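Peer 1: Take this sequence and fold it.
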Amino acid sequence: MSYAFDPELAAAVELLPKLDLNDLQGARDALKKLRAELPAPDATGVTVTDVLIAGPAGAPEIPLRIYRPDVPSGPVGVFDVHGGGFILGDLEMVHASNLTLAREVGAVVVSVDYRLAPEDPYPAGLEDCYAGLVWFAEHAEEYGVDPDRIAIHGISAGGGLCAGLALLARDRGGPAIAFQYLGVPEVDDRLGTASMTAYIDTPLWNQPNAVLSWAAYLGAGVPGTADVAVYAAPARASDLSGLPPAYVSTMEFDPLRDEGIAYALALQAAGVQVELHMFPGTFHGSSLVEHAAISQLERSEEITVLRRGLRL
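Peer 2: Modelled structure (predicted):
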């Protein structure tokens, strides 16, 4: 199927990595190999430290990576959750982007290395994220951060985990969340939207990958059934009231497009302040084509809305 991609993006599609999620270990190894071939990111103006914190009861320790800007914009923090369809990714995957976030937002960024499916299915990854957020809030003042001015930030599955994290924090009376940045969020296991059924061969992410992703995260045969918790698939939530203000981005030719739009509209209907932006001519992960003007717009908007959401 052909798509009306932005010309700058279309020219780069064939250069993008092609991962076979049917060979999950092979896909993970390919990502690590790709990262090893990239130049070291610019760490100017940011101090980076790694810590291990206690995991949920009975679970292993959780690695966190902390980014402290040399010139903070205020007593603010960003809790980052990486993407990867619940089955890929680690701290290195978002290392370069978190350096940029810390430097350009002027916030302390804490990134969490949560357990991945299918080895550790739901709720393992989400509980790791919650434990990491609790730790950040409890130690915020040590890093010059007001615990009431922490935003959560995630893209793709990371956005879905952040949406679940906001619900979990509300329902458990957990840490205050000042703002939720939900980039192309993966929030609906039912896989029934128009964009999900149409985009079966789009670059980087498509309907077959989404099927594999949800089956790994929830367990074979579980996605689409009545037994899926709202914290796993926030699109199922019937009560979105009392959640933090949100920003939701979607890409035009992305199977996740319509569930992101629907979730933003549901937040608005529940009285949550929300900003929604669909970037034209784009696809899931098209921001990897960094030189494209539309990718630069997406990145600059990310910084702008985070700063605004943190009252900077």
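Peer 1: pretty sure Phe79 contacts Val108?
Peer 2: No: the criterion here is CB atoms under 8 Å, and Phe79 misses it with Val108 at 9.6 Å. Bear in mind the C-beta positions are built from the backbone N, C-alpha and C, glycine included.
Peer 1: got the residue ranges for the strands in the stretch 151-300 of the chain?
Peer 2: 179-183, 246-253, 274-283 (DSSP state E, counting those that start in this stretch).
Peer 1: Just checking: what are the partner strands of the longest one?
Peer 2: The reference is to strand 274-283. strand 246-253 (parallel) (DSSP bridges).
Peer 1: how far does the partner strand sit from the chain's center?
Peer 2: The chain centre lies 12 Å from the centre of strand 246-253; the measure is CA atoms, centre = their mean, to the nearest Å.
Peer 1: what is the orientation angle of that strand with strand 179-183?
Peer 2: 10 degrees (axes from the mean of the first three to the mean of the last three CA atoms, to 10 degrees).
Peer 1: looking only at pLDDT, what's the mean for strand 246-253?
Peer 2: Averaged across strand 246-253, pLDDT comes to 98.
Peer 1: for it, which positions count as buried?
Peer 2: Using 16 or more other CB atoms under 10 Å as the test for burial, strand 246-253 gives Ala246, Tyr247, Val248, Ser249, Thr250, Met251, Glu252, Phe253.
Peer 1: export the residues you listed to JSON lines and tack on distance to Leu288?
Peer 2: Output for the buried residues of strand 246-253, formatted as JSON lines (distance: CB to CB, whole Å):
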{"residue": "Ala246", "distance to Leu288": "24"}
{"residue": "Tyr247", "distance to Leu288": "20"}
{"residue": "Val248", "distance to Leu288": "20"}
{"residue": "Ser249", "distance to Leu288": "15"}
{"residue": "Thr250", "distance to Leu288": "17"}
{"residue": "Met251", "distance to Leu288": "12"}
{"residue": "Glu252", "distance to Leu288": "16"}
{"residue": "Phe253", "distance to Leu288": "15"}
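Peer 1: now, among those, which is nearest to Glu104?
Peer 2: Closest to Glu104 out of the buried residues of strand 246-253 is Tyr247 (15.8 Å), distances taken as CB to CB.
Peer 1: Go ahead and confirm the closest one touches Gln273.
Peer 2: No: if you go by CB under 8 Å, Tyr247 and Gln273 don't touch, sitting 9.7 Å apart.
Peer 1: Need phi/psi at Tyr122.
Peer 2: Phi and psi for Tyr122, reported as degrees, to the nearest 10, are phi -50, psi 140.
Peer 1: okay, how far is it across stretch 289-297, tip to tip?
Peer 2: 12 Å (CA to CA, to the nearest Å).
Peer 1: how about the helices in the stretch 51-200 of the chain?
Peer 2: Here the stretch 51-200 of the chain has its helices, by DSSP state H, counting those that start in this stretch, at 95-105, 124-139, 157-172, 194-198.
Peer 1: which one of the strands of the stretch 151-300 of the chain lies closest to Pro60?
Peer 2: strand 179-183 (26.9 Å).
Peer 1: Could you list every helix and strand that the closest one packs against?
Peer 2: Applying 3 or more CB pairs under 8 Å, 6 or more residues apart in numbering; DSSP states H and E, we find strand 179-183 packed against strand 150-155, helix 157-172, strand 246-253, helix 293-309.
Peer 1: If we use 10 Å, what do you get?
Peer 2: strand 77-81, strand 150-155, helix 157-172, strand 246-253, helix 257-269, strand 274-283, helix 293-309 (3 or more CB pairs under 10 Å, 6 or more residues apart in numbering; DSSP states H and E).
Peer 1: The first one pairs with which strands, and in what direction?
Peer 2: When you say that, I think you mean strand 77-81. Going by DSSP bridges, the partners of strand 77-81 are strand 108-112 (parallel), strand 150-155 (parallel).
Peer 1: Next, format the helices and strands packed on strand 179-183 as a markdown table and append distance to Ala12.
Peer 2: A markdown table is the format used below for these (distance: least, CB to CB, whole Å):
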| stretch | distance to Ala12 |
| --- | --- |
| strand 77-81 | 25 |
| strand 150-155 | 19 |
| helix 157-172 | 23 |
| strand 246-253 | 14 |
| helix 257-269 | 20 |
| strand 274-283 | 11 |
| helix 293-309 | 10 |
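Peer 1: still on that earlier bit, tell me which of the helices of the stretch 51-200 of the chain is the most buried.
Peer 2: helix 157-172 (a mean of 25; mean count of other CB atoms under 10 Å).
Peer 1: quick revisit: would you reformat the strands of the stretch 151-300 of the chain as a markdown table and include distance to Tyr199?
Peer 2: What follows is the strands of the stretch 151-300 of the chain, written out as a markdown table (distance: least, CB to CB, whole Å):
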| stretch | distance to Tyr199 |
| --- | --- |
| strand 179-183 | 17 |
| strand 246-253 | 6 |
| strand 274-283 | 8 |
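Peer 1: between Tyr247 and Gln273, what contacts are shared?
Peer 2: Phe179, Gly309 (CB atoms under 10 Å, 6 or more residues apart in numbering).
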